[in-house]
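Undergrad: what follows is a predicted structure for the sequence shown.
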Amino acid sequence: MSKQTAAAGISYLSGGEWKVAQKGDEIDMDDAQVEDAAERGLIKEAPAPKASPPVKREVGK
Amino acid sequence: MTRYSSADFGFLTIGQYNLTAVTTKLTETQAREPVPSTPYGVTAPEFLPGIMRSYEMAASDGWYDDATNSMNAAMVDLTAGENVMLISSYGNSAPATGVGKTVTATDGVQKTKYTRDDAVGDYVRANFEVVVSGAVDINAKLVAELVARDDAATTAATYLNWGADGAAGGRMYLVVTDITWDTQTSLTIALQDCNTSDGAYADHTTFTAIASPATGGSEMKILEHDAIQQYTCATFTFAGGAGGHCTAAVAVVYD
């Protein structure tokens, strides 16, 4: 299973269960459907989460 | 030969009204009256095939029922003009075996007669007659049978297999006989298609959204693209809030 973003309204398998997503929804899609769905333009890979900004620590205070 | 009985009847809806439980006899008529064409010098009568004149349906021996969305509401409140009708008349269509069954579908139903019979010593009966203006799809197929569905439901697990891709468009029919809104505000139902039965299905054509506080709805819509893939399913998506569910059926016909 991998995280994807729906590029259209779709029905897809997630953990073996059929689910519904709207365009722009982030989804967990079963691997068996990913390649075909990507070829048909139904999904695009979800962007990686942004790294948290470094926490500044001031020593001595 | 497969023989069907009344127990195999799926459902009858006109507009948003489900008349299955109050109807006990239906007569459908498609009239193509022959035109006499016997010329001089011929002893045996001859006829030309007539053009299709009308599609009529009469229900008799039905029950009067004043419940919401039943017989009386259908015949009194049904919108004047043309309405959607779906008849799943053979091959049991409920609950899960209905997908793929043939449905008679049209959006040209006009109510023409409503009769109530009150007789001493009998229950009150109600009968109706309708005619269809325009075409009737007698070979539409159920994508989603008439059962209750929750928010974000899909029928992809019980997809319709038309048998081949379509290239010439077609029509799809929707009936929603009951909606519970809770805090949700609109319901969108879409037909999706796919090139394999177990692949991801994508929106093909979407029905007009139904807004709260409607108690149901019905619509015929021409498919938005001529090309439609072999496998179809329907999705039921509520917007806003939570807790919505509906009772709905979807049928499609490929030209």
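TA: Sure, I can see it.
Undergrad: with adjacent residues omitted, what lies nearest to B:I228?
TA: Leaving aside its sequence neighbours, B:I228 sits nearest to B:G166 (C-beta to C-beta, 6 or more residues apart in numbering or on different chains; 4.3 Å). All C-beta spots, glycine's among them, are computed from the backbone N, C-alpha and C.
Undergrad: B:V124 now?
TA: With C-beta to C-beta, 6+ apart as the measure, B:Y64 is the residue that lies nearest to B:V124, at 4.0 Å, once sequence neighbours are left out.
Undergrad: pull the number of nearby residues for that neighbour.
TA: The number of residues packed around B:Y64, counting by other C-beta atoms under 10 Å in any protein chain shown, is 17.
Undergrad: does B:S37 really touch B:P49, like I thought?
TA: No. Counting by C-beta atoms under 8 Å, no contact exists between B:S37 and B:P49, whose distance comes to 9.9 Å.
Undergrad: so what does the residue nearest to B:I228 have for phi and psi?
TA: The phi and psi values for B:G166, taken as degrees, to the nearest 10, are phi -110, psi 150.
Undergrad: and the gap between it and B:D255?
TA: Plainly put, B:G166 is 7 Å away from B:D255 if you go by C-beta to C-beta, to the nearest Å.
Undergrad: for chain A, where's the lowest mean pLDDT among helices and strands?
TA: Here the helix or strand of chain A ranked lowest by mean pLDDT, DSSP states H and E is strand A:43-45, holding a mean of 84.
Undergrad: what's the spacing between stretch B:73-85 and its chain's center?
TA: Using C-alpha atoms, centre = their mean, to the nearest Å, the mean C-alpha position of stretch B:73-85 is found 13 Å from that of the whole chain.
Undergrad: mean confidence score for that stretch?
TA: For stretch B:73-85, the per-residue pLDDT values average out at 85.
Undergrad: in that stretch, what counts as buried?
TA: B:A73, B:A74, B:M75, B:L78, B:N83, B:V84, B:M85 (16 or more other C-beta atoms under 10 Å in any protein chain shown).
Undergrad: swap in stretch B:128-142?
TA: For stretch B:128-142, burial by neighbour count (16+ other C-beta under 10 Å) applies to B:F128, B:E129, B:V130, B:V131, B:V132, B:V136, B:D137, B:A140, B:K141, B:L142.
Undergrad: close to chain B: what parts of chain A are there?
TA: A:8-13, A:18-20, A:22, A:29, A:32-33, A:36-37, A:40, A:42-43 (C-beta under 8 Å from any C-beta of the partner chain).
Undergrad: tell me, how many residues neighbour residue 3?
TA: The chain I'm using is chain A. Counted with other C-beta under 10 Å, the burial measure for A:K3 works out to 14 neighbours.
Undergrad: that was the other one, I meant chain B.
TA: The number of residues packed around B:R3, counting by other C-beta under 10 Å, is 6.
Undergrad: same check, this time on B:R53
TA: With other C-beta under 10 Å as criterion, B:R53 counts 11.
Undergrad: report the contact partners of it.
TA: Contacts of B:R53 were listed using C-beta atoms under 8 Å, 6 or more residues apart in numbering or on different chains, and they are B:A31, B:R32, B:E33.
Undergrad: ok, the residue nearest to the first one when sequence neighbours are not counted to B:V35 distance?
TA: Read that as B:A31. Leaving aside its chain neighbours, B:A31 sits nearest to B:R53 (4.5 Å; criterion: C-beta to C-beta, 6+ apart). For B:R53, the distance to B:V35 (C-beta to C-beta) stands at 11 Å.
Undergrad: got the phi and psi for B:A21?
TA: According to degrees, to the nearest 10, B:A21 has phi -80, psi -10.
Undergrad: mind listing what it touches?
TA: Contact partners of B:A21, counting by C-beta under 8 Å, 6+ apart, are B:D65, B:S70.
Undergrad: likewise the one 3 residues further on?
TA: Under the criterion of C-beta under 8 Å, 6+ apart, the neighbours of B:T24 are B:S60, B:D61, B:G62, B:W63.
Undergrad: list the contacts of the residue nearest the centre of chain B.
TA: Residue closest to the average C-alpha location in chain B (C-alpha atoms, centre = their mean): B:L86, at 1.8 Å. When contacts are counted by C-beta under 8 Å, 6+ apart, B:L86 touches B:F11, B:L12, B:T13, B:V103, B:T104, B:A105, B:Y173, B:V175, B:A249, B:A251.
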